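Asks: Test case, fold it:
(2 chains)
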Amino acid sequence: MNVFASISRLYHQFASPPYFYRISGLWLPYIMGLCALLFAYGLYSGLILAPTDYEQGEAYRIIFVHVPAAWMSMFVYMVMAVTGMIALVWRLKLAEIVMINCAPIGASFTFLALATGSIWGKPMWNTWWVWDARLTSELLLLFLYFGVIALYNAIEDRRTAARAVAILAIVGVVNIPIIHYSVEWWNTLHQGPTVTKFDKPSIHLSMLIPLLVMAIAFKLFFIGSLFMRVRTELLKREKNSKWATALLGAK
Amino acid sequence: MFTVWTQLFKRDLLIAFRRRSEIIHPLIFFIMVVSLFPLAIGDDKVLLQKIAPAVIWVTALLATMLSLDNLFRSDFEDGSLEQMTLLQAPLSFLITAKITAHWIISGLPLILITPLLAVLLYMPTENISTLVLTLLLGTPTLSLIGAVGIALTVALRQGGVILSLLVLPLYIPVLIFATLALQNVEQGFSAEAQLAMMLALLVLAMTLSPFAIAAALKVSLN
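Replies: Next comes the predicted model:
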């Protein structure tokens, strides 16, 4: 057997709803447990152990939530587009479900990044909102997520809706870099560097480690909550199939 | 393949000229909304002059989006869109005929009326040519991007609001470059860089969006 065949077999196995349901059920406690541990460690070392920033005081500590949320907001959109591509090409039901369940989670991360950013902005820049390039492109990302959710809810048939959303997600991914750079250009010509001028200081290790731990915790949280959503959706859709009735009957 | 294209193009133009309201309504919308701004702000020459490019561009963007609603609607309802998918020529190629025709009947009139509206908003006459140029480069891009949105929502009963949710974030680069070009001209700089970017966006939209539109139409036809 060659490697390709075994990879393709694994891939098809994962795409089968009962198999995915079983495996994700096995993994879920570990993922969420590890996520809780990392959150506990990351928050403790970020909020208590890490030294106070000499420029920004204690207020900088919000980065331990803000930065991972912002990273995740973009990462989830990428996951959505990639699974959308898979759903379009191979018509896998599981890929469709994963794609569509990414949208609310991604929108929440985006909202969290925006909210924590504006809470941070109040003591730092003395204003809740600035039309800064990064803030604006994050806001537009939130709008893109809203569009995806709205389109999915508007189409009656779930499978048609998923295919429409997949096209939209792919169009969105092509546009995100264009939007990002146009916003950046717009901002730099509009106003002087009042906001972005505090150059990225090479972050100290005592702050970097909690940040990375938090980033991993966020990623695990995303995977865990995605699994939970996908499992519920699978049961709902497959409620008449043999494996689902067997599973529900057994409980 | 090309004869089908021209036939489709001529057919769409003919239909539009038989139903002139399709051409006129977005135009009236455009004129009315632009003239609401002086009414809301007051006859403040300096302020109006300053916001004129933004007002004209945002309104043109909305008018383009509203007019897109009838791009595929009637063909979808009477089944001719389904016939088009059965033709030998690829759908992604054929729809460019429809979009071109649609731009000529809904985009071009907007551009022709713009100099008049620019004068109403006290825009300096020497900047009007740049304004028209940005619209010439920008509105086809808007039509192409918007067509993706309309292709996704054509089967829906209440597509209008969702269309704006889908399409408006994607319109932002065009809006930014157009208004930046006009600001540059106002300050006495050259707008070449922004115009080149708008042309690049147009070329990109022309090459990529037909495939997305065709795929979306096939999903909607299902």
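Asks: going forward, measure contacts between C-alpha atoms and count neighbours the same way
Replies: OK.
Asks: who are the neighbours in contact with the residue nearest to B:L71 when sequence neighbours are not counted?
Replies: Counting by CA to CA, 6 or more residues apart in numbering or on different chains, B:L71 lies nearest to B:H102, which is 6.7 Å off, once chain neighbours are set aside. Applying CA atoms under 8 Å, 6 or more residues apart in numbering or on different chains to B:H102 gives the contacts B:12-13, B:68, B:71.
Asks: Quick check: the farthest pair among those residues?
Replies: Pairwise distances across the contacts of B:H102 (CA to CA) peak at 14.7 Å, for the pair B:L13 and B:L68.
Asks: With neighbour numbers in mind, choose between those two.
Replies: Shown here are B:L13 and B:L68; by other CA atoms under 10 Å in any protein chain shown, B:L68 has more neighbours (26 against 18).
Asks: Just confirm that one contacts B:I145, I think it does.
Replies: No: assessed by CA atoms under 8 Å, B:L68 is found out of contact with B:I145, at 10.4 Å.
Asks: Need the residues touching each of those two.
Replies: Common contact partners of B:L68 and B:I145 (CA under 8 Å, 6+ apart): none.
Asks: Spell out which residues of chain B are next to chain A.
Replies: B:152-153, B:156, B:162, B:165-166, B:169-170, B:172-173, B:176-177, B:180, B:212, B:215-216, B:219-220, B:222 (CA under 8 Å from any CA of the partner chain).
Asks: Just the buried residues of these.
Replies: Buried residues within the residues of chain B next to chain A, counting neighbours by 16 or more other CA atoms under 10 Å in any protein chain shown: B:152-153, B:162, B:165-166, B:169-170, B:172-173, B:176-177, B:180, B:212, B:215-216, B:219-220.
Asks: Looking at the contacts of B:H102, which are in helices?
Replies: Residues of the contacts of B:H102 located in helices (DSSP state H): B:12-13.
Asks: Spell out which helix or strand contains the residue nearest to B:L71, please.
Replies: Per DSSP states H and E, B:H102 falls inside helix B:91-102.
Asks: which residues touch the residue lying closest to A:T116 once chain neighbours are set aside?
Replies: Take A:T116 and drop its neighbours on the chain: the residue closest to it by CA to CA, 6+ apart is A:H66, 5.6 Å away. Neighbouring residues of A:H66 by CA under 8 Å, 6+ apart: A:112-113, A:116-117.
Asks: any idea whether A:H66 is helix, strand or coil?
Replies: Reduced to three states with DSSP: H, G, I helix; E, B strand; the rest coil, the structure at A:H66 is helix.
Asks: And for B:I128, the neighbour number?
Replies: Using other CA under 10 Å, B:I128 is surrounded by 20 other residues.
Asks: isn't it right up against B:L117?
Replies: No: taking CA under 8 Å as the definition, B:I128 is not a contact partner of B:L117, at 10.0 Å.
Asks: quick one, helices of the stretch 101-250 of chain A?
Replies: Under the criterion DSSP state H, counting those that start in this stretch, the stretch 101-250 of chain A contains helices at A:133-154, A:158-190, A:205-237, A:242-250.
Asks: do chain B as well
Replies: Under DSSP H, chain B gives helices at B:2-18, B:21-41, B:45-67, B:73-77, B:80-86, B:91-102, B:108-120, B:125-153, B:159-186, B:192-221.
Asks: if I look at the nearest residue to B:P53 once chain neighbours are set aside, how far off is B:L133?
Replies: In space, and not counting its chain neighbours, B:P53 is closest to B:T179: 6.3 Å by CA to CA, 6+ apart. Counting by CA to CA, to the nearest Å, the gap between B:T179 and B:L133 amounts to 12 Å.
Asks: what residues are up against A:S73?
Replies: A:S73 is in contact with A:106-107, A:109-110, A:113, counting by CA under 8 Å, 6+ apart.
Asks: where's it, which helix or strand?
Replies: Going by DSSP H and E, A:S73 is in helix A:63-90.
Asks: how far is that helix from where the chain is centred?
Replies: Put simply, helix A:63-90 sits 5 Å off its chain's centre (CA atoms, centre = their mean, to the nearest Å).
Asks: A:S6: neighbour count?
Replies: 11.
Asks: Where does the stretch 51-200 of chain A get nearest to chain B, which residue?
Replies: Going by CA to the nearest CA, chain B is nearest to A:G147 of the stretch 51-200 of chain A, at 4.8 Å.
Asks: count of neighbours near that residue?
Replies: When neighbours are counted by other CA under 10 Å, A:G147 registers 25.
Asks: again with A:L43
Replies: Neighbourhood size, A:L43 [other CA under 10 Å]: 20.
Asks: Then B:F37?
Replies: Close neighbours of B:F37, defined as other CA under 10 Å, add up to 16.
Asks: Which residues of chain A lie near chain B?
Replies: Chain A comes close to chain B at residues A:140, A:143-144, A:146-148, A:150-151, A:154-155, A:160, A:163-164, A:167, A:171-172, A:175, A:178-179, A:182-183, A:186, as judged by CA under 8 Å from any CA.
Asks: let's see it at 6 Å
Replies: Within chain A, the residues that sit near chain B (CA under 6 Å from any CA of the partner chain) are A:147, A:179, A:182.
Asks: Make TSV from those residues and add pLDDT to it.
Replies: Listed next are the residues of chain A next to chain B as TSV, based on pLDDT from 0 to 100:
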residue	pLDDT
A:G147	92
A:I179	83
A:S182	81
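Asks: re the thing from before, just among the contacts of A:H66, which is most surrounded?
Replies: A:A113 (25 neighbours).
Asks: where are the low-confidence patches of the stretch 101-250 of chain A?
Replies: Flagging of the stretch 101-250 of chain A using pLDDT under 70 yields the residue ranges A:188-203, A:250.
Asks: change it to 50
Replies: Along the stretch 101-250 of chain A, segments meeting pLDDT under 50 span A:190-198.
Asks: Determine the number of other residues adjacent to residue 159.
Replies: Using chain A here. As a burial measure, A:R159 scores 17 neighbours (other CA under 10 Å).
Asks: looking at chain B here, not the other one
Replies: Considering only other CA under 10 Å, B:G159 is surrounded by 18 other residues.
Asks: Find the nearest non-adjacent residue to it, please.
Replies: Leaving aside its chain neighbours, B:G159 sits nearest to B:T153 (5.3 Å; criterion: CA to CA, 6+ apart).
Asks: again, but for B:D75
Replies: Leaving aside its sequence neighbours, B:D75 sits nearest to B:L81 (CA to CA, 6+ apart; 5.2 Å).
Asks: and the gap between the one you found and B:K98?
Replies: Distance, B:L81 to B:K98, by CA to CA: 11 Å.
Asks: Could you do A:F14 as well?
Replies: According to CA to CA, A:F14 and B:K98 sit 42 Å apart.
Asks: Look at the two and report which has more neighbours.
Replies: For A:F14 and B:K98, the more surrounded residue by other CA under 10 Å is B:K98, and the numbers stand at 22 against 17.
Asks: Count the neighbours of the closest residue to A:S137 other than its chain neighbours for me.
Replies: Distances taken as CA to CA, 6+ apart place A:H180 nearest to A:S137, at 5.7 Å, with adjacent residues excluded. A:H180 sits with 20 neighbouring residues when counted by other CA under 10 Å.
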